[in-house]
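S.K.: following is a predicted model, sequence given first.
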Amino acid sequence: MSKSKLEYIWLDGYKPTQSLRSKTKIENDFSGKLEDCAMWSFDGSSTEQAPGGSSDCLLKPVYIIPDPQRKNGYLVMCEVLNADGTAHESNGRATIEDDDNDFWFGFEQEYFLWDNETNKPLGFPANGYPAPQGPYYCSVGAANAFGREIIEEHLDVCLDAGLNVEGINAEVAAGQWEFQIFAKGAKEAGDQIWLGRYLLERIGEKYGVSINWHCKPLGALDWNGSGMHANFSNGTLRTAGSKDTFDKICEAFRPVVKEHIEVYGADNHLRLTGKHETASIHDFSYGVSDRGASIRIPVIVPAKGWSGYLEDRRPNSAADPYKVAARIIKTVKSAVI
Ligand code: ADP
Ligand code: MN
Ligand code: MN
Ligand code: MN
């Protein structure tokens, strides 16, 4: 008989930012298939998801990948359900309306590697600041790139697990990095981002380095914040062949700025200032190649005769990709073309 370790992973109920939780289930002679992952439960009173008197919440497995760092291991992403089987209010995944996987998402996840001892990003001296921004973006060398062994290990583990990472890069602030994940299907894109975050957190444990997902961990100082740009398309955008279609879909976002900002991550007013390659949180704008716009139309879209995808630059690094995708899908579907 073989014993497998299944790490059941879910999102807690903390507001405004949910965190990853997980626990291990041992299975005998496990097939490795999602359909053979049993439902499970946990104490929702310890995660802000249920009152103590009726504490059980259910874990419904929805996505599985091998766990390259653990012998006979699997990572099992779960949705949280109430005891009666309905979706828990913290369950953003259940609100995604994309059953035919028409929507493709590429998320660019930025984050800081955070030194637990100095309580600053890697690369920051214990007192004062490193040289101003400029040399760090896509840098090489010990003077400018900090924590490469961590992000390289993360990349290898993600690829070994089968996550569709499309690239990584050092970002504009010291100690700040990015990975990009793309999937055909909004739910899978969210699953993969959350699993990518999980693996990064766990690798950080080994090095005594925390992952800081906050969108502006250095406050109002002259350092970039962290985003999670959402690149998205559906069949209509991919085959539009028309500037008018792009304009109409972008315009559908204008009246619902508030609804989008509500799910684009906590404290985003600190990041969306109109500086540091962001648009102001109060405005809505879009434009070809415009990295100061709310939504950027990538330059390849007009180059390809107005077909392709859009980039919403507003979601921040701590946003829930499920909720971001659910809201974008709702707005795109509302466009009258
Ligand atoms: P930049 O840093 O210039 O904004 P990146 O290369 O970091 O761009 O990210 C671009 C993202 O766009 C990638 O994650 C990629 O998967 C995604 N993408 C490309 N084509 C599509 C598409 N048709 N639909 C959705 N996402 C797409
Ligand atoms: Mn990028
Ligand atoms: Mn970036
Ligand atoms: Mn981008």
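M.R.: Yes, it's here. Numbering: from 1, shown residues only. Ligands and ions are numbered 1, 2, ... in the order given.

S.K.: and for Y74, the neighbour number?
M.R.: By the measure other CB atoms under 10 Å, the count of residues near Y74 is 23. All C-beta spots, glycine's among them, are computed from the backbone N, C-alpha and C.

S.K.: which helix or strand contains it?
M.R.: Assigned by DSSP states H and E, Y74 belongs to strand 73-81.

S.K.: ok but N231 is inside a strand, no?
M.R.: Yes. Following the definition DSSP: H, G, I helix; E, B strand; the rest coil, N231 is counted among the residues of a strand.

S.K.: what sits closest to G204 if chain neighbours are left out?
M.R.: The shortest distance from G204 to any non-neighbouring residue, by CB to CB, 6 or more residues apart in numbering, is to I211 (5.2 Å).

S.K.: confirm that the one you found sits in a strand.
M.R.: Yes. Assessed by three-state DSSP, I211 belongs to a strand.

S.K.: bridging residues for K3?
M.R.: Applying DSSP bridges to K3 gives these bridge partners: N28.

S.K.: give me every residue that touches it.
M.R.: K3 makes contact with 26-28, 72 under the criterion CB atoms under 8 Å, 6 or more residues apart in numbering.

S.K.: for the residue of the stretch 1-150 of the chain found nearest ligand 1, give me phi and psi.
M.R.: Of all residues in the stretch 1-150 of the chain, the one sitting closest to ligand 1 is G106 (2.6 Å; CB to the nearest ligand atom). The phi and psi torsions at G106 (degrees, to the nearest 10) take the values phi -120, psi 110.

S.K.: just to revisit the earlier point, the residue nearest to G204 contacts W114, doesn't it?
M.R.: Yes. Taking contacts as CB atoms under 8 Å, I211 lies within contact range of W114: 6.8 Å.

S.K.: what about the residue of the stretch 1-150 of the chain closest to ligand 1, neighbour count?
M.R.: Residues contacting G106 under the criterion other CB under 10 Å number 19.

S.K.: repeat for R291
M.R.: Neighbour count for R291, taken as other CB under 10 Å: 12.

S.K.: mind listing what K60 touches?
M.R.: With CB under 8 Å, 6+ apart as the criterion, the residues that contact K60 are 39, 78-81.

S.K.: please apply the same query to E108.
M.R.: With contacts taken as CB under 8 Å, 6+ apart, E108 has the following neighbours: 178-180, 227-229, 231.

S.K.: circling back: show me the contact partners of the strand holding Y74.
M.R.: The set of residues that contact strand 73-81 without belonging to it, under CB under 8 Å, 6+ apart, is 4-11, 13, 30, 32, 34, 37, 40, 44, 49, 57-67, 87-88, 90-91, 93-94, 161, 191, 194-195, 198-199.

S.K.: drop anything exposed from those residues.
M.R.: 4-11, 13, 30, 37, 40, 44, 49, 57-65, 67, 88, 90-91, 93-94, 161, 191, 194-195, 198-199 (16 or more other CB atoms under 10 Å).

S.K.: next, count neighbours for the residue in the chain that ligand 4 sits nearest to.
M.R.: Checking the chain residue by residue against ligand 4 with CB to the ion singles out H229 as nearest, at 3.6 Å. One way to gauge burial is a neighbour count; for H229, by other CB under 10 Å, it gives 21.

S.K.: wait, it touches Y309, no?
M.R.: No. Here H229 lies out of contact with Y309, judged by CB under 8 Å, at a distance of 11.3 Å.

S.K.: now the contacts of K3 in a markdown table, with neighbour count, pLDDT and distance to ligand 1?
M.R.: Output for the contacts of K3, formatted as a markdown table (neighbours: other CB atoms under 10 Å; pLDDT from 0 to 100; distance: CB to the nearest ligand atom, whole Å):
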| residue | neighbour count | pLDDT | distance to ligand 1 |
| --- | --- | --- | --- |
| I26 | 10 | 98 | 36 |
| E27 | 17 | 98 | 34 |
| N28 | 8 | 98 | 39 |
| N72 | 15 | 98 | 32 |
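
S.K.: show me the two of the residues you listed that sit farthest apart.
M.R.: Across the contacts of K3, no pair lies farther apart than N28 and N72, at 11.0 Å, counting by CB to CB.

S.K.: spit out the residues that contact the two alike.
M.R.: Residues touching both N28 and N72 comprise 2-4, with contact defined as CB under 8 Å, 6+ apart.

S.K.: dump these into TSV; add pLDDT as well.
M.R.: Written out in TSV, the entries for the shared contacts of N28 and N72 read as follows (pLDDT from 0 to 100):
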residue	pLDDT
S2	96
K3	98
S4	98
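
S.K.: N101: which of those residues is nearest?
M.R.: Distances from N101 to the shared contacts of N28 and N72, taken as CB to CB, are shortest for S4 (28.2 Å).

S.K.: the closest one and K333: what is the separation?
M.R.: Taken as CB to CB, to the nearest Å, the spacing of S4 relative to K333 amounts to 40 Å.

S.K.: doesn't L199 make contact with V157?
M.R.: Yes. In this structure, V157 is within contact of L199 by CB under 8 Å, at 5.2 Å.

S.K.: need the residues touching each of the two.
M.R.: Looking at what touches both V157 and L199 (by CB under 8 Å, 6+ apart), the common residues are Q69.
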